[in-house]
Every structure is written in C-alpha cells, then in structure tokens.
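Engineer: Got a sequence here, can you model it:
(one chain, ligands or ions: 2)
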Amino acid sequence: MVQLSRICFRKYANFVDNLRLYVHGGSGGMGLPRLGGQGGNGGDVWVVASKTTTLKKVKDKYPQKRFVGGTGSNSSVRALKGAKGTDKEINAPVGITVTTDDGKIIGELNADGERLVVAKGGRGGTFHSAFEPSKGQAKHIRLDLKLIADLGLVGFPNAGKSSLLTAMSNATPQIANYAFTTLKPEIGKLMYKDYKQISVADLPGLIEGAHINKGMGHKFLKHVERTKQLLFVVDVSGFQLASKTPFRSAFEAVQLLTKELELFKEELVSKPALLVVNKMDLPDAEDRLVELREQLKNPEEFSDLLPDDMKPKNYLSFRHVVPVSALTGFGIEHLKSCIRESLDEAAETDSKAIHQERLKALMSNSHKLL
Ligand SMILES: Nc1nc2c(ncn2[C@@H]2O[C@H](COP(=O)(O)OP(=O)(O)OP(=O)(O)O)[C@@H](O)[C@H]2O)c(=O)[nH]1
Ligand SMILES: [Mg+2]
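Structural biologist: Ligands and ions are numbered 1, 2, ... in the order given. Okay, here's the model as predicted:
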C-alpha cells in the first residue's frame with residue numbers, strides 16, 4: 001500500500017486558546033488638605049467568567065486589549081469622601097488560568113460568574129499620603145484556556161478511536177465492537193524519540209444531533225473545545241449507527257462530524273484538523289480511500305449526497321489525510337509524525353505572534369518615555 005498524505009493548509013488562527021492583555025487599575029482621586037477630605041480609590045480591573053464568551057470574542061471586541069479602571073473622584077467640599085472609580089470587567093470563558101507575564105498564576109476561573117481581580121485601583125489621597133493619590137497597578141496578564149489535551153479524537157462510534165489511541169500511545173482505553181464504548185475522555189501520551197510528548201484525548205463517539213444534546217452530546221462537545229487540534233477518525237468503509245439510520249460513507253461521515261461541531265460552536269471548526277482514515281486492512285479499502293480523496297478535493301461537488309441541513313457551511317481542509325490500520329499498525333508511525341508536524345507548526349505561529357506583540361508593547365513604552 002502506498003502511504004500518502006495530502007497537506008492542505010488553511011487559514012489558521014481563528015481558534016484562540018490564549019490571550020495577552022494590558023490591565024491598569026484606575027488612579028485614586030485627590031484628597032482635600034484643607035478639610036482633611038479623602039479622595040476616592042481608583043476602580044479595579046476584574047476578569048469575570050462567562051459561559052457565553054470565548055477568547056476569540058474578547059480579542060475581536062477589544063482589539064487594543066487594554067483595560068483601565070476608572071479614576072477615583074477627588075475629594076470636594078460637597079463630597080469630602082470622593083467616590084470610587086468604576087471597576088472594569090473583562091468577560092472571559094469558563095475554564096481559564098490567569099497568569100502574569102512572567103508565568104506567575106494569579107488565579108483560575110472554573111465556573112460561570114467567578115471573578116478575579118487582576119489590577120487594583122490606586123488609593124485616594126488621604127492625610128497619610130499628604131492627600132496625594134496613588135496610581136493603580138499596571139501589568140500584562142495572560143488568559144490561558146485550560147486544555148485537557150493537545151489533540152482530541154473526533155469520530156462516530158466504532159470508527160476505531162480507542163483502538164487508534166492504543167496503537168499510538170501507552171493508553172489502554174476500552175475497545176469493543178459496539179457503539180459508545182468510551183464514555184469519558186481518556187488521555188494517551190504519544191512519545192517521540194527526542195522525549196517530546198503529545199497528549200491525545202480519546203472522546204466518546206459523536207452522533208448526528210449531538211449539538212442538540214443527543215447521545216453524549218454537549219458533554220462530548222465541551223471536551224472538544226478544550227483541545228488545540230482535532231483528529232477526525234473515520235472508518236474507510238463508512239458506518240451505520242443502527243439499522244434504522246442510513247448508511248454513511250467515510251466522506252459523509254467527515255461532513256456530518258464537521259456539521260455537528262459547527263452547529264455547536266462555529267469556532268470549533270476553525271481549529272487545525274487532521275483526518276485519519278482507519279481500518280485500511282479491510283477489503284476494498286484502497287479503492288474507497290482513492291474515492292474519499294477525490295471527494296475531499298472537491299467537497300462542494302459531492303455534497304449533493306447530503307441533505308441541505310447536514311451540509312457544513314465551510315468544508316474543512318485537513319492538514320494531513322492519513323490512512324492507517326489501528327489493527328495492524330499500518331501508517332501509525334507516519335500519523336505520529338504528521339501530528340507532531342502540525343502541532344510544532346502551530347506553536348511556531350503562536351510564539352511568533354507573542355514575540356511580535358511584546359515587541360510592539362516595548363516600542364510603544366519606549367515612545368512614551370521619550
Ligand atoms: N478491521 C479493523 N477493525 C478495527 C480497526 N480499528 C478498530 N477496529 C475495530 O472496530 C471496533 C470499534 O473500535 P473502538 O476502538 O472501540 O472504536 P471507538 O471509535 O473508540 O468507538 P466508541 O468508543 O464506541 O465511540 C472494535 O471491534 C475494533 O476492534 C482497524 O484498523 N481494522
Ligand atoms: Mg472508544
């Protein structure tokens with residue numbers, strides 16, 4: 001069998017799993033020496049967890065990525081104690097770690113509505129400070145989505161996801177010839193010769209209608225949100241979930257999986273993805289693979305096979321399409337190197353972006369000093 005993989009790059013960077021922000025607590029207000037009046041404290045900056053947001057939304061809504069608390073009011077004859085400056089709230093998704101620029105953990109947000117102060121406002125001027133106010137804290141912070149694994153296996157039941165993880169890693173997930181063998185994520189580690197490790201989460205099988213919480217539904221899709229990249233797994237000969245449901249070819253399976261993810265959260269489909277075509281040891285597998293590759297090259301043309309409501313808005317183009325047999329071990333080493341390549345590439349793009357941002361911040365700071 002010829003081992004081939006088609007590399008197809010697509011616009012990357014829609015999925016955001018970390019974000020660097022500038023936060024600055026508001027300055028305090030002036031005290032009033034004549035009457036011993038106290039200036040208001042500056043507003044604090046908070047990060048607040050919200051179920052409905054994503055880091056991508058925060059990034060798009062606040063391109064400057066600057067959050068400054070309100071200034072405290074000065075003490076005056078009418079209001080001897082100045083009012084506190086308004087607090088600034090940054091909405092962030094649930095399941096993030098907040099760290100300082102040098103990696104110190106400020107805290108974590110694990111449930112909707114949880115909040116964390118990230119920059120305190122300055123104190124208002126009082127007798128003790130000769131009525132001079134102080135400035136608020138200023139720093140860069142990082143919001144990092146807590147990931148369960150680098151990659152998540154996405155596929156319909158029985159595609160061979162658990163078998164694949166066993167073939168690639170040290171994990172020993174349950175494997176059986178019936179749907180929904182896997183009920184919770186199992187993490188396997190892929191080991192490389194240079195000691196690099198990549199974690200892969202075996203996830204429960206997805207079914208049509210998962211976005212409306214069918215099968216393991218949302219539970220499953222929540223896990224998919226928390227991986228950097230996706231590893232789609234399809235059975236080269238297609239599948240049929242039950243005798244009442246229609247038979248689906250490998251190509252249809254790919255589009256249905258894409259549609260389910262898209263309906264749940266469009267951002268999910270913008271993650272880099274690889275496609276594993278499993279069970280290449282089965283009869284006719286080679287011919288079916290050729291057919292699948294043809295269809296993937298030109299998905300619009302072949303999507304007539306699907307009812308309209310099952311067609312994804314955008315067809316995924318996979319970074320690699322890798323034929324394997326989890327049973328015989330065929331293609332497994334090649335798959336491991338494709339996975340490595342894809343993650344290394346994304347890490348390089350990320351570190352370039354962070355480097356550029358730091359450079360930009362440095363330049364604007366030095367401008368201010370001049
Ligand atoms: N012939 C063949 N059978 C395979 C291969 N990989 C997996 N299988 C069989 O397919 C069946 C399902 O495998 P699993 O690994 O449990 O599939 P899964 O995708 O994890 O299924 P769920 O956890 O139910 O979603 C088992 O009977 C496996 O032995 C393969 O490469 N070739
Ligand atoms: Mg399984």
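Engineer: who does Phe239 bridge with?
Structural biologist: Beta-bridge pairing for Phe239 (DSSP bridges): Arg248.
Engineer: For it, which residues are in contact?
Structural biologist: Phe239 makes contacts with 156-159, 247-248, 253, as judged by C-beta atoms under 8 Å, 6 or more residues apart in numbering. Using the backbone N, CA and C atoms, a C-beta is placed for each residue, glycine as well.
Engineer: List the neighbouring strands of the helix or strand harbouring Val23 plus their orientation.
Structural biologist: Take DSSP states H and E as the rule and Val23 turns out to sit in strand 18-24. Each strand paired with strand 18-24, and its direction, by DSSP bridges: strand 66-68 (parallel), strand 138-145 (antiparallel).
Engineer: Now do stretch 148-164, average pLDDT.
Structural biologist: Summarised as a single mean, pLDDT over stretch 148-164 is 90.
Engineer: Quick one: end-to-end length of it, please.
Structural biologist: Stretch 148-164 has an end-to-end distance of 18 Å (C-alpha to C-alpha, to the nearest Å).
Engineer: Which single helix of this protein contains the most residues?
Structural biologist: For the chain, the longest helix by residue count, based on DSSP state H, is helix 332-369.
Engineer: Over to the closest residue in space to Gly36 that isn't next to it in sequence: give its phi and psi.
Structural biologist: Once flanking residues are discounted, Gly36 sits nearest to Phe127: 6.0 Å by C-beta to C-beta, 6 or more residues apart in numbering. Backbone torsions of Phe127, given as degrees, to the nearest 10, read phi -50, psi -40.
Engineer: Bridging across strands, which residues link to the residue in the stretch 201-350 of the chain that ligand 2 sits nearest to?
Structural biologist: Per C-beta to the ion, Asp202 is where the stretch 201-350 of the chain lies closest to ligand 2, at 5.9 Å. Note on Asp202: beta-bridge partners by DSSP bridges are Glu186.
Engineer: isn't it right up against Lys161?
Structural biologist: Yes - at 5.5 Å, Asp202 counts as touching Lys161 under the criterion of C-beta atoms under 8 Å.
Engineer: What ranges does the stretch 151-300 of the chain have for its strands?
Structural biologist: Taking DSSP state E, counting those that start in this stretch, the strands of the stretch 151-300 of the chain run over residues 186-191, 197-202, 227-235, 273-278.
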